[in-house]
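[1] fold the stuff below for me.
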Amino acid sequence: MVNPRKTLDRLFNGTKGSFQPGVSKSDVINPTRRAFLAAGCFCLACSFAPPLFADAPMAKSQAPGFYRLPLGDFEITALSDGSNMLPATKLLQGDPARIEEALKRNYLGDFVETSHNSFLVNTGAKLVLIDAGAGSLLGATTGHLLSNLRASGYQPEQIDELYLTHLHTDHVGGLMAEGQRAFPNAIVRVDKRDTDYWLSEANMRAAPAEAKRFFQAAIASITPYTRAGKLAVFEGNTDLVPGVRAQTAYGHTPGHTMYVVESRGEKIVLWGDVVHVAAVQFKAPSVTIQYDENASEAEHVHELAFADAAQNGYIVGGAHISFPGLGHVRRDAENAYTYVPLDYSQG
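    Numbers count the residues shown, from 1 in each chain. Predicted coordinates:
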């Protein structure tokens, strides 16, 4: 009997007239017969061609939106609440020609797909969530924080502390879900300047009609936690839990706050809304946005935050930088800033 393995070895051996011991001439397939057999096999294979699947339906969905990052003994998980279209040329405040040129240079138009990112900090002792997303308040393209939190391996009930960068709708709307506190065991912490401003009925009455909804959203989202004894305000730069501290970044709102996370010499600063349109504002820190309560203070925060991040080389996390919103800031010889996103890592 012919050994199939030896026959294959011989057929793919480039040495002419080379035969293995013990193989007779009857084992050898002559070239003419071999060509005929090969052609027959090819035709037979054609008759059993696999079915085509070009008519499969489009999936039209993304993978769950979470991304892990080790930080010393801590673990950071970026969580997507979704995205929506920001009318950048309408809302950004600065030289219109410069803004338009920066958008075009980055292949962007008048509307920019804008991420909504939250960040989960696992210190080993505490599970701390930075910002709660929009919940049901901004439409179907946002409000995915809870599903992505669960997909990442955590449950809302496990959150010990929830720190808010500020009380705008897209950061507090997710505090509530179906009329209940979405994070029933969490202590919610926020700068007193923001609660004094956004939870004030007098301020809401005095606000322009188009701004009243911001106050309404903050009151509706925070009040259930206040009633449950779960709201704790702080003032200014404050150590919160070991390895996490609040750092003032006033301007975007009266109490806008960044959170600094450090472990074993590694550091990340979670910026909140320091940047809304990265393609424009890193090159032009003077550009602000209509949502800034105090534009001059917000511009000053841009300059300080960019300069410190570039000088010290730590990671930054932005609430509205393209998901996962994690990267570094680089400054060139002409003092122009560039955002450098982290390379993807499998872990």
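[2] quick one: low-confidence residue ranges for this protein.
    Along the chain, segments meeting pLDDT under 70 span 1-54.
[3] try 80 this time
    Residue ranges of the chain with pLDDT under 80: 1-55, 347.
[4] the helices in it, which residues?
    4-11, 31-47, 88-91, 96-105, 145-151, 169-172, 192-198, 201-206, 212-227, 278-281, 295-312 (DSSP state H).
[5] for the fourth one, C-alpha coordinates in PDB please.
    If I follow you right, that is helix 96-105. Extracted in PDB, the C-alpha atoms of helix 96-105 (Å, rounded to 0.1, in the frame of the first residue of the first chain):
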ATOM      1  CA  PRO A  96     -14.300  81.500  13.300                       C
ATOM      2  CA  ALA A  97     -11.700  81.100  10.500                       C
ATOM      3  CA  ARG A  98      -9.200  79.400  12.800                       C
ATOM      4  CA  ILE A  99     -11.900  77.100  14.200                       C
ATOM      5  CA  GLU A 100     -13.100  76.100  10.700                       C
ATOM      6  CA  GLU A 101      -9.500  75.600   9.400                       C
ATOM      7  CA  ALA A 102      -8.700  73.300  12.400                       C
ATOM      8  CA  LEU A 103     -11.900  71.300  11.800                       C
ATOM      9  CA  LYS A 104     -11.100  70.800   8.100                       C
ATOM     10  CA  ARG A 105      -7.500  69.900   8.900                       C
END
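[6] give me the residues contacting that helix.
    88-89, 92, 109-110, 112, 277, 279-280, 283-284, 287 (CB atoms under 8 Å, 6 or more residues apart in numbering). Bear in mind the C-beta positions are built from the backbone N, C-alpha and C, glycine included.
[7] please apply the same query to the longest one.
    Judged by CB under 8 Å, 6+ apart, the contacts made with helix 295-312 from elsewhere in the structure are 93, 249-252, 256, 258, 267, 269, 271, 274-275, 281-282, 285-286, 288-289, 292, 316, 328-331, 337.
[8] give the ChimeraX command for selecting the buried subset of these.
    With 16 or more other CB atoms under 10 Å as the criterion, this ChimeraX line picks the buried residues out of these:
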select :93,249,250,251,252,256,258,267,269,271,274,275,281,282,285,286,288,289,292,316,329,337
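[9] which of the contacts of helix 295-312 fall in strands?
    Counted as lying in strands by DSSP state E, out of those, are 93, 258, 267, 269, 271, 288-289, 316, 328-331, 337.
[10] show me which of those is closest to A209.
    I289 (20.0 Å; CB to CB).
[11] out of the helices of the chain, which gets nearest to R181?
    Nearest of the helices of the chain (CB to CB): helix 212-227, 5.3 Å.
[12] would you mark the buried spots in the closest one?
    Under the neighbour-count criterion of 16+ other CB under 10 Å, helix 212-227 has 214-215, 217-222, 224-225 buried.
[13] other SSEs contacting that helix?
    Under the contact criterion of 3 or more CB pairs under 8 Å, 6 or more residues apart in numbering; DSSP states H and E, helix 212-227 touches helix 169-172, strand 176-177, strand 180-181, strand 187-191, helix 192-198, helix 201-206.
[14] need the ones you listed in a markdown table with distance to D308, can you?
    Below are these laid out as a markdown table (distance: least, CB to CB, whole Å):
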| stretch | distance to D308 |
| --- | --- |
| helix 169-172 | 23 |
| strand 176-177 | 35 |
| strand 180-181 | 35 |
| strand 187-191 | 19 |
| helix 192-198 | 22 |
| helix 201-206 | 32 |
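[15] single out the most deeply packed of the ones you listed.
    Each of the helices and strands packed on helix 212-227 was scored by mean neighbour count; the highest is helix 169-172, a mean of 26, by mean count of other CB atoms under 10 Å.
[16] packing partners of it?
    helix 212-227.
[17] ok, back up a step: out of the helices and strands packed on helix 212-227, nearest to N117?
    Of the helices and strands packed on helix 212-227, nearest to N117 by CB to CB is helix 169-172, at 10.3 Å.
[18] give me the contacts around that closest one.
    With CB under 8 Å, 6+ apart, helix 169-172 has contacts from 81, 116, 131-134, 137-138, 142, 164-165, 213-214, 217-218, 221-222, 272, 319.
[19] any figure for the gap between the closest residue to S147 other than its chain neighbours and H116?
    In space, and not counting its chain neighbours, S147 is closest to P64: 7.3 Å by CB to CB, 6 or more residues apart in numbering. Noted for P64: a distance of 15 Å to H116, by CB to CB, to the nearest Å.
[20] buried sites along stretch 78-98?
    78-84, 86, 88-89, 92-94.
[21] okay, how far is it across it, tip to tip?
    With CA to CA, to the nearest Å as the measure, the ends of stretch 78-98 fall 31 Å from one another.
[22] distance between it and the chain's centre?
    Its chain's C-alpha centre and that of stretch 78-98 lie 16 Å apart, by CA atoms, centre = their mean, to the nearest Å.
[23] what of stretch 155-172?
    Centre to centre, stretch against its chain (CA atoms, centre = their mean), the figure for stretch 155-172 is 16 Å.
[24] which of P64 and H116 has more neighbours?
    H116 (27 against 14; other CB atoms under 10 Å).
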